[in-house]
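Peer 1: What follows is a predicted structure for the sequence shown.
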Amino acid sequence: MMTEKQKMISGQPYLSADDELVQEREAASQRLFEVAAIPPARKAERYALLRRLLGSTGDNFTIERNFHCDYGYNIYVGENFYANVNCTILDCAAVRIGDNVLLAPNVGIYTAGHPLEAGPRVAGVEFAYPVTIGNNVWIGGNSVLLPGVTIGDNTVIGAGSVVTKSIPANVVAVGNPCRVIRSLVK
């Protein structure tokens, strides 16, 4: 029989109130509290703690203050990653972020979702689908990426977008729901 964590990671419905998952979220919350308490001048210490929280990082990355996540270990960031203030990543499934990715303020990346039917939702059932962001991507402020989406390489997501479906490489996409408005290939 699969544990709730195994179900979560494999994309099956799971119970988020499971003791193991609650303990792991609390451990991540404690680590984030410790990271937030480090004075700005002690960057090396801050990034050492972030490296222990996240699944993997490149050598060069910046995550500004007021960063939030569920577990941390499901977040994989490449080289030259920059997350501006108030970034939230709900990493119940894997979040894979390529090289040279910029997240503007208040970006939310959500792998977790809830059933549409009230009964399972009230019972605490959730699901989680991976989110993937390619290389050289810029995601504008106050944008939200929903469970299961992929953003292709070299793409720009305009500010305030709600990405409900995958967006291809080499485009500018904006809106709610987010749609491609132009190609970046000449």
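Peer 2: Structure's in. What do you need? Numbers count the residues shown, from 1 in each chain.
Peer 1: Could you check how far R96 is from P177?
Peer 2: Counting by Cβ to Cβ, to the nearest Å, the separation of R96 from P177 is 22 Å. From N, CA and C alone the C-beta is placed, and that goes for glycine too.
Peer 1: More neighbours: these two, which one.
Peer 2: R96 (17 against 11; other Cβ atoms under 10 Å).
Peer 1: ok, that one touching I133?
Peer 2: Yes - taking Cβ atoms under 8 Å as the definition, R96 is a contact partner of I133 at 7.1 Å.
Peer 1: which neighbours does whichever strand or helix holds I109 have in its sheet, and in what orientation?
Peer 2: If you go by DSSP states H and E, I109 is part of strand 108-110. If you go by DSSP bridges, strand 108-110 pairs up with strand 88-90 (parallel), strand 144-145 (parallel).
Peer 1: And that strand, what's buried?
Peer 2: Residues 108-110 are the ones in strand 108-110 that count as buried (16 or more other Cβ atoms under 10 Å).
Peer 1: what separates the helix or strand that comes right after that strand from the chain centre, distance-wise?
Peer 2: Following strand 108-110 in sequence order, the next helix or strand is strand 112-113 (DSSP H and E). Centroid displacement of strand 112-113 relative to its chain, using Cα atoms, centre = their mean, to the nearest Å, is 11 Å.
Peer 1: Ok, stretch 16-25 next?
Peer 2: 19 Å.
Peer 1: Tell me the pLDDT of S143.
Peer 2: At S143, the model reports a pLDDT of 98.
Peer 1: Would you mind confirming that it makes contact with V107?
Peer 2: Yes - shown here, S143 and V107 form a contact pair, counting by Cβ under 8 Å, at 5.4 Å.
Peer 1: wait, which of the buried residues of strand 108-110 is closest to V137?
Peer 2: I109 (11.7 Å; Cβ to Cβ).
Peer 1: Perfect, that will be all.
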